[in-house]
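Trainee: dropping a prediction and its sequence here:
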Amino acid sequence: MSENALSCIDPRMTVLDILSRHRETEAVFKAWDSRAGACICCQALFNTVQEVADRYGLNLDGLMAEINAVVHPTDAILDD
Amino acid sequence: MNKIDARGLSCPAPVLETKAAVENRHPRHLEVLVDNEPARQNVVRFLESQGYRTHVDQEGALYTVVGTGGDSVPGPKPVETASGDAGKKIMVMVAADRMGSGDDLLGAKLMINFIKTLKEMGDELWRLVFVNSGVKLTIDGAGTLEDLKGLEEGGLTLLVCGTCLDHFDLLEKKRVGQTTNMLDIVTAMQLADKVINI
């Protein structure tokens, strides 16, 4: 993953902040609902991604990678 | 009348629509119609984070969330029928670019750590106000800048004393927060449940 991708989306950002900037990330959060066992956008909208990962025992790096892949699809392709 | 019909929408859509309305129109009065409990809770929480006082009318499965006030509205709080429903609002006023006295280098490090740790206050942290040399924490090159940007991006309102920026000739170097005046600062103090001075 490039430094550019990491610099734009940070795990300290809230789910709401990410969604309001990149609405396309909603699909990622919805896809992770089953692993969280809850609707992230309903129950953790005001939490940071880090807090969401901690709260629901999610793989933070995996979640961030998928968010960044949606926000920066070109970077994701280059990383492959 | 500012009214958002978010019936049939699930989170995050009702909050995102509310957020857009608040940021674009700055309404003093806003009504949001939702038809599910998570949306009701999140819209209320969002509006209160923006300084609105809220109450909810319910008719069956339909909720009307009413927000009044908003951060841009100074003055006394109107009487609400609901009581004790507002979350605590903590205002932190930073009046120096370092913490404590005795060793300036240590004080600067402590201030960076303080700003970095502020997020632990959670949603109760309502306003962060910078006056006197505290405004130097908001300018280009400040060690606190990225953390402050993170707080602002997370929805926290940062107020930076314009007179102070002008005094230090830093008006053009400010990179985070809203330039403000003493009336806004005094109003924020009046509205806050607790003021912490650093």
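Mentor: That came through, no problem.

Trainee: from chain A, how far off is B:Arg118?
Mentor: In this structure residue B:118 is Leu, not Arg. Distance of B:Leu118 to chain A, given as Cβ to the nearest Cβ, to the nearest Å: 12 Å. Glycine gets a C-beta too; all of them are placed from N, C-alpha and C.

Trainee: wait, isn't that residue in contact with B:Leu128?
Mentor: Yes. Between B:Leu118 and B:Leu128 there is a contact under Cβ atoms under 8 Å: 7.2 Å.

Trainee: what sits in contact with each of those two?
Mentor: Overlap of the contact sets of B:Leu118 and B:Leu128 (by Cβ atoms under 8 Å, 6 or more residues apart in numbering or on different chains) consists of B:92, B:151.

Trainee: so which residue is smack in the middle of the chain?
Mentor: All of this is about chain A. When chain A is reduced to its mean C-alpha position, the nearest residue by Cα atoms, centre = their mean turns out to be A:Ile67, at 4.0 Å.

Trainee: you looked at the wrong chain, it should be chain B
Mentor: B:Thr157 (3.4 Å).

Trainee: wait, what's in contact with that residue?
Mentor: B:51, B:71, B:126-128, B:178.

Trainee: what parts of chain B come near chain A?
Mentor: B:10-12, B:15-16, B:19, B:38-39, B:42, B:45-46, B:49, B:119, B:123, B:150, B:153-155 (Cβ under 8 Å from any Cβ of the partner chain).

Trainee: any idea how far B:Arg25 is from B:Leu106?
Mentor: 46 Å (Cβ to Cβ, to the nearest Å).

Trainee: of these two, give the one with the bigger neighbour count.
Mentor: The residue with more neighbours, out of B:Arg25 and B:Leu106, is B:Leu106; 13 against 10, by other Cβ atoms under 10 Å in any protein chain shown.

Trainee: in chain B, which residue sits closest to chain A?
Mentor: B:Pro38 (3.7 Å; Cβ to the nearest Cβ).

Trainee: what helix or strand is that residue located in?
Mentor: Per DSSP states H and E, B:Pro38 falls inside helix B:37-49.

Trainee: show me where the chain has strands.
Mentor: You didn't pick a chain, so chain A it is. In chain A, no strands are defined using DSSP state E.

Trainee: that answer is for a different chain, and I need it for chain B
Mentor: B:2-5, B:29-34, B:52-59, B:62-69, B:90-94, B:125-130, B:157-161, B:178-180, B:194-197.

Trainee: please name the nearest non-neighbouring residue to whichever residue of chain A sits closest to chain B.
Mentor: As assessed by Cβ to the nearest Cβ, chain B sits closest to A:Cys42 within chain A, at 3.7 Å. Using Cβ to Cβ, 6 or more residues apart in numbering or on different chains and skipping the chain neighbours, the partner closest in space to A:Cys42 is B:Pro38 (3.7 Å).

Trainee: the one you found: what's it in contact with?
Mentor: Under the contact definition (Cβ under 8 Å, 6+ apart), the residues listed for B:Pro38 are A:39, A:42-43, B:10-11.

Trainee: where does chain A have low pLDDT?
Mentor: For chain A, residues meeting the criterion pLDDT under 70 lie at A:1-8, A:75-80.

Trainee: repeat that with 50
Mentor: Along chain A, segments meeting pLDDT under 50 span A:1-7, A:80.

Trainee: thought B:His55 was touching B:Glu48, still the case?
Mentor: No. Here B:Glu48 lies out of contact with B:His55, judged by Cβ under 8 Å, at a distance of 11.0 Å.
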